[in-house]
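In: output the structure for:
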Amino acid sequence: TRDDVAYVSRDLLEGGTLGLFGFGGIGQALARKALALGMQVKALRRSDTPLPVPGVQRARDLSELLGGSDHVVLAAPGTAETRGLIDAAALAAMKPGAHLVNLARGALVAQDALRAALDSGHLGWASLDVCDPEPLPEGHLDGAGQRGDVDDRRRLDGVHGIGERVGENQPALGVGVGHF
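Out: This next block holds a predicted model:
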């Protein structure tokens, strides 16, 4: 129900800053949509080639990206370099109340550090399309909040049901099913 989960409204996006870690096809598509919603967009990628989306600013490093973004989207491959990259120090570098979205690989995020950042209130919200390990072990709090209290379900928005909520939010975002 609407009382149990957080919903994204245009007011939470417009004027905010989206930080993209990884700027391949997914990152570029998200950047275009975010710019259309009135967001500032910063991107960090391993290549020094020019960013192909006009209006996107290049972040110098991970610290700048995390500290200057209201919403951080992870869209980078899972490699030895990226494994555990979003650890306690990285989460602490994020703006208070920021939103972390992991579309990449679960191993990019240190799960215990993520939970601690949510529990402390420093991180406002996490939306996870992936986790580590996958599948989650029996009894683990999954993204649908199958175990845990209402506060857990408000702060941890997992893959289960995202499609339904995207559909519900499309009119508010001014997009149709074919455009999102």
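In: all helices for the protein, in order.
Out: 10-13, 25-36, 62-67, 88-93, 111-120, 150-155, 162-173 (DSSP state H).
In: what does the fifth one rub up against?
Out: To tie it back to what came earlier, the one meant is helix 111-120. Residues outside helix 111-120 that contact it (Cβ atoms under 8 Å, 6 or more residues apart in numbering) are 86-88, 91-92, 94, 100, 123, 126, 131-132, 155-156. (Glycine included, C-beta is placed from N, CA and C.)
In: mind listing what the closest residue to residue 106 other than its chain neighbours touches?
Out: Using Cβ to Cβ, 6 or more residues apart in numbering and skipping the chain neighbours, the partner closest in space to residue 106 is residue 132 (3.3 Å). Going by Cβ under 8 Å, 6+ apart, residue 132 touches 105, 106, 107, 109, 111.
In: quick one: which of those is most hemmed in?
Out: Highest neighbour count within these, by other Cβ atoms under 10 Å: residue 109, with 27 neighbours.
In: surely that one touches residue 102?
Out: Yes - using Cβ atoms under 8 Å, residue 109 makes contact with residue 102 at a distance of 5.6 Å.
In: anything in contact with each of the two?
Out: By Cβ under 8 Å, 6+ apart, residue 109 and residue 102 have these common neighbours: 74, 86, 128.
In: need these in JSON lines (columns: distance to residue 37).
Out: Below are those laid out as JSON lines (distance: Cβ to Cβ, whole Å):
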{"residue": "74", "distance to residue 37": "19"}
{"residue": "86", "distance to residue 37": "24"}
{"residue": "128", "distance to residue 37": "22"}
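In: circling back to that earlier point, just the closest of the contacts of helix 111-120 to residue 40, please.
Out: Closest approach between the contacts of helix 111-120 and residue 40, by Cβ to Cβ: residue 94, at 16.0 Å.
In: if anything else comes up later, I'll come back, but that's it for now.
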